[in-house]
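**Q** Sequence below, structure please.
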Amino acid sequence: MNQKKFYVYIVTNSNNTVLYTGVTNNLKERIIEHYTGKEKSKSFTSKYHCYHLLFYESFNYINNAIAKEKK
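**A** Predicted coordinates for the structure are as follows:
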């Protein structure tokens, strides 16, 4: 059985002055979305150019990932 994974991740800008924490079930695609949307959107990550991955942790259950993100 192939169980879905959930990820908590932290990205930053190129100067390492801003942090953004998120939860996703597809880490690779989510980082690509942050990177490709950096000039097109008014989102936090676009505004501050946060797309450099600093940290991630995987979880089997979404509730555990959300709890970790809130910490």
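**Q** All the helices of the chain, residue numbers only.
**A** 27-36, 44-47, 62-70 (DSSP state H).
**Q** Compare those helices and say which comes out lowest on pLDDT.
**A** Lowest mean pLDDT of these: helix 44-47, a mean of 88.
**Q** Just the C-alphas of it, formatted as CSV.
**A** Presented in CSV, the C-alpha positions along helix 44-47 are these (Å, rounded to 0.1, in the frame of the first residue of the first chain):
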residue,chain,number,x,y,z
PHE,A,44,3.6,36.5,1.0
THR,A,45,6.2,34.2,-0.6
SER,A,46,6.0,36.1,-3.9
LYS,A,47,6.3,39.5,-2.2
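**Q** Centre of the chain to it, how far?
**A** Distance, stretch centre to chain centre, for helix 44-47: 12 Å (Cα atoms, centre = their mean, to the nearest Å).
**Q** Give me the number of neighbouring residues for the closest residue to residue 7 other than its chain neighbours.
**A** Closest residue to residue 7 apart from its sequence neighbours, by Cβ to Cβ, 6 or more residues apart in numbering: residue 27 at 4.5 Å. Every C-beta, even on glycine, is put in place using the N, C-alpha and C of the backbone. Using other Cβ atoms under 10 Å, the number of residues around residue 27 comes to 18.
**Q** do residue 7 as well
**A** 20.
**Q** gap between residue 23 and residue 30?
**A** 9 Å (Cβ to Cβ, to the nearest Å).
**Q** is it true that residue 54 touches residue 14?
**A** No. The criterion here is Cβ atoms under 8 Å, and residue 54 misses it with residue 14 at 11.9 Å.
**Q** out of these two, which sits in the busier spot?
**A** residue 54 (13 against 10).
**Q** now that one, nearest residue through space, not along the chain?
**A** Using Cβ to Cβ, 6+ apart, the nearest residue to residue 54 is residue 10, at 4.7 Å.
**Q** can you tell me which residues contact the one you found?
**A** Counting by Cβ atoms under 8 Å, 6 or more residues apart in numbering, residue 10 touches 19, 20, 21, 53, 54, 55, 56.
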